[in-house]
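J.: Sequence and predicted structure are below.
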Amino acid sequence: MKGNPNVLSTLNALLADELAARDQYFIHSRMLDDWGLQRAAARIAHEMEDETAHADALIRRILFLEGTPQMTPGALTVGTDLPDVFAKDLAVELRVVDNLRAAIALCEQERDYVTREMLEQMLDDTEEDHAHWLEQQLGLIRMVGLQNYLQSQMGGSPGG
Ligand SMILES: [Fe+2]
Ligand SMILES: [Fe+2]
């Protein structure tokens, strides 16, 4: 089914965001693991899988609308230590929230209600899961101090 060209170009812009978020979580999870922060690494690796699922949904929808998925990720921002990693990931998530909101409004205007519904699910994941978790961690670091927080993220079972 032929999609609206404005919707298709917006979906491709969102795809660049999701691919960048995926790659950023990919490198961050491996850095955290290398630093010995296995619990944080496992959580960030899980986020990478969520971003891959978001990219997958966008790719499938673009193909369905007879568009061509653009597989070039947006720019990455790689952190230098754990608070910086979380702050940079949060910046990506907040940018994605803005872009998803704008895309949902466009879908409404173009009356593409199925795409809108898909994007609403992604917005829910982005706001209530990814961005919220990162805000919580940055809040915990302020409350308990970085050393205590780091200690809580060491070793243990993956994802535990
Ligand atoms: Fe995402
Ligand atoms: Fe996300």
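T.: Perfect, I can see it now. Ligands and ions are numbered 1, 2, ... in the order given.
J.: Now the helix ranked longest in the chain: average pLDDT?
T.: The single longest helix within the chain, with elements called by DSSP state H, is helix 5-34. When pLDDT is averaged along helix 5-34, the result is 98.
J.: Same question for stretch 119-133.
T.: Here the average pLDDT along stretch 119-133 is 96.
J.: Could you tell me which residues of the protein lie near ligand 2?
T.: Residues of the chain lying near ligand 2 by CB under 5 Å from the ion: 126, 130. Just so you know, the C-beta spots here come from the backbone N, C-alpha and C atoms, and that holds for glycine as well.
J.: make it 6 Å
T.: 21, 51, 93, 96, 126, 130 (CB under 6 Å from the ion).
J.: Closest one of the residues you listed to residue 137?
T.: residue 130 (11.2 Å; CB to CB).
J.: What strand or helix carries the closest residue to the closest one other than its chain neighbours?
T.: Nearest non-adjacent residue to residue 130, counting by CB to CB, 6 or more residues apart in numbering: residue 93, 4.8 Å away. Assessed by DSSP states H and E, residue 93 sits inside helix 82-109.
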